[in-house]
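J.: Predicted model, plus sequence, below.
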Amino acid sequence: MAEGTTTGKPLYRVVGWDAFENHESRKLKTLSWIAMPNHHDGAGYRSLIGRPNGAALYGAWCVLVQIASRCPPPRGRIVSPGGPLGSLELALKTGFPAAIFEELFTVACDPSVGWLERISGDSPGIARNLPELPGITPIQGREGKGTEVTPLPPKGAGETLENKDTHPLRGWFAHAYVIDGSDPSADRRLGRLAKRAVALGATAETLTERRKLLRGRYGDKSDTPEALLKHYGALSLTFVERKYG
């Protein structure tokens, strides 16, 4: 899709995508399978399945996750190279009625379920609508196995993550861990933390949630930003288990 083209469709992302992958899938450029939580007592699941059309909605959700696993990186977005996938495109791909996907978008975005989030609307350019998920460049992974994704700063930012004092994740780390960015070494540390957090697809909201889980699991002694990012993936599984489990 040419940059600046108006898609006219919202873009959705699966919340806590890490729960649907493991160390093997992250090495692969494309997936032919997907891991899914196997618990059925989570609040999100109960809220969805308890609706009049709950069984059909859950079936559509499983298919949607499968589609998301095959979409362009970063995985978890409901998107094609041409733009966001709407209910009609999903119906053509899967054979499910378009109406069930329309309903699923509304229900799964409801806070009582919280399985999807809308991250853009009727505005030009997908990348321009993703401040939390900047543009990406695939590079060869370690020892030639699979690929890794290196996030790039949003277009027009004019600064790198290392020296962009106003980057929201720099501010989050500075406030949460009382790091004084006026010190040069601390400033560089904030840049590294923000860059790593963006590479993980983190937001201020998810970092706050994972930090609570980290402190609950390992205690206050482990409450450092480096430990938070080191355990971010594992903490994501715990977070999503609460939602999907």
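T.: Looks like it arrived, so ask away. Numbering: from 1, shown residues only.
J.: contacting residues around the closest residue to residue 14 other than its chain neighbours?
T.: Excluding the flanking residues, the one nearest residue 14 by CB to CB, 6 or more residues apart in numbering is residue 76, at 4.3 Å. All C-beta spots, glycine's among them, are computed from the backbone N, C-alpha and C. Neighbour list for residue 76: 13-14, 17, 20, 68, 201 [criterion: CB atoms under 8 Å, 6 or more residues apart in numbering].
J.: Out of these, which comes closest to residue 214?
T.: residue 201 (17.1 Å; CB to CB).
J.: tell me the secondary structure for that closest one?
T.: Here residue 201 is recorded as coil under DSSP: H, G, I helix; E, B strand; the rest coil.
J.: Check what pLDDT the nearest residue to it once chain neighbours are set aside gets.
T.: Spatially, and ignoring its direct neighbours in sequence, residue 201 is nearest to residue 74 (5.9 Å; CB to CB, 6+ apart). pLDDT for residue 74: 86.
J.: quick one on the thing from earlier: mind putting the contacts of residue 76 into CSV with neighbour count?
T.: Conversion of the contacts of residue 76 to CSV gives the following (neighbours: other CB atoms under 10 Å):
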residue, neighbour count
13, 23
14, 23
17, 18
20, 22
68, 22
201, 20
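J.: From those, which land in helices?
T.: Those of the contacts of residue 76 mapping onto helices are residue 68, per DSSP state H.
J.: Closest one of the contacts of residue 76 to residue 185?
T.: Set against residue 185, the nearest of the contacts of residue 76 by CB to CB is residue 201 (26.9 Å).
J.: Would you confirm that that closest one contacts residue 17?
T.: Yes: contact criterion CB atoms under 8 Å: residue 201 and residue 17 qualify, at 7.3 Å.
J.: hey, what's in contact with both of these two?
T.: Between them, residue 201 and residue 17 share these contacting residues under CB under 8 Å, 6+ apart: 74, 76.
J.: how about the residue nearest to residue 201, phi and psi?
T.: phi -70, psi 140 (degrees, to the nearest 10).
J.: ok, now which ones touch residue 231?
T.: Residues in contact with residue 231 (CB under 8 Å, 6+ apart) are 210, 214, 218.
J.: Sweet, I'm off.
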